[in-house]
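[1] what follows is a protein structure lacking sequence information:
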């Protein structure tokens with residue numbers, strides 16, 4: 001289905017909502033906002049291809065796995081170049097190009113790249129979406145990796161940014177700090 005059942009304008013608005021949903025997904029993971037992350041998925045969402053949860057995992061298992069696995073890391077997730085198609089009035093599918101950087105700061109073993117401090121990953125997210133209660137949510141998420149490169153164990157220690165992100169910025173938090 002190439003056009004949304006509600007018309008092109010409605011589908012264009014839906015596309016923007018789905019893009020914002022994916023942006024929140026990346027930001028909530030990198031800023032470790034686990035409770036907020038859980039709200040981005042339908043209750044029956046399933047996951048595949050992730051190092052933090054087994055194939056077929058539910059939302060609670062995925063969030064518990066990713067929060068535990070990424071707790072001692074610096075991570076940066078970028079998703080771009082979305083290809084989105086409507087599959088019904090309240091459903092859609094998408095593919096996102098992705099890159100991630102994950103570096104363990106506590107000396108943990110990195111299963112993807114043994115003997116390293118982390119990895120750079122490249123690939124695609126394949127997702128399904130469903131509108132529930134007027135909000136788009138992820139109803140299926142699969143990570144398909146094309147390449148993983150090691151962060152060498154002897155790489156210089158990470159230098160943190162000048163300012164940490166403000167998790168509640170869009171909620172109005174952080175204005176006093178400007």
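    Looks like it arrived, so ask away. These numbers were taken from a predicted model, which means no experiment stands behind them.
[2] is the nearest residue to residue 30 once chain neighbours are set aside in a bridge, and if so with what?
    In space, not counting the residues next to it along the chain, residue 30 is nearest to residue 75; the distance is 5.2 Å by C-beta to C-beta, 6 or more residues apart in numbering. Placement of C-beta: from N, CA and C, glycine included. According to DSSP bridges, the partner residues bridging residue 75 are residue 102.
[3] longest helix anywhere in the chain?
    helix 8-30 (DSSP state H).
[4] quick revisit: for residue 51, see how far away the residue nearest to residue 30 is.
    Distance from residue 75 to residue 51, counting by C-beta to C-beta, to the nearest Å: 12 Å.
[5] what does residue 57 give?
    Taking C-beta to C-beta as the criterion, residue 57 is separated from residue 51 by 11 Å.
[6] who has more neighbours out of those two?
    A side-by-side neighbour count of residue 57 and residue 51, using other C-beta atoms under 10 Å, places residue 57 first with 20 against 17.
[7] grab the nearest non-local neighbour of that one.
    What sits nearest to residue 57 in space, not counting adjacent residues and going by C-beta to C-beta, 6+ apart, is residue 47, at 4.7 Å.
[8] pLDDT score assigned to that neighbour?
    In the predicted model, residue 47 carries a pLDDT score of 97.
[9] show me the beta-bridge partners of it.
    What pairs with residue 47, by the bridge criterion (DSSP bridges), is residue 57, residue 141.
[10] now this structure, which segments are flagged as low pLDDT?
    1-6, 109, 160, 162-163, 173-178 (pLDDT under 70).
[11] quick one: the strands in it, in order.
    Taking DSSP state E as the criterion, the chain contains strands spanning 41-48, 73-88, 91-104, 118-132, 135-151.
[12] save the ones you listed as a markdown table, and put in distance to residue 111 too.
    Formatted as a markdown table, the entries for the strands of the chain read as follows, by distance: least, C-beta to C-beta, whole Å:
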| stretch | distance to residue 111 |
| --- | --- |
| strand 41-48 | 17 |
| strand 73-88 | 13 |
| strand 91-104 | 11 |
| strand 118-132 | 10 |
| strand 135-151 | 11 |
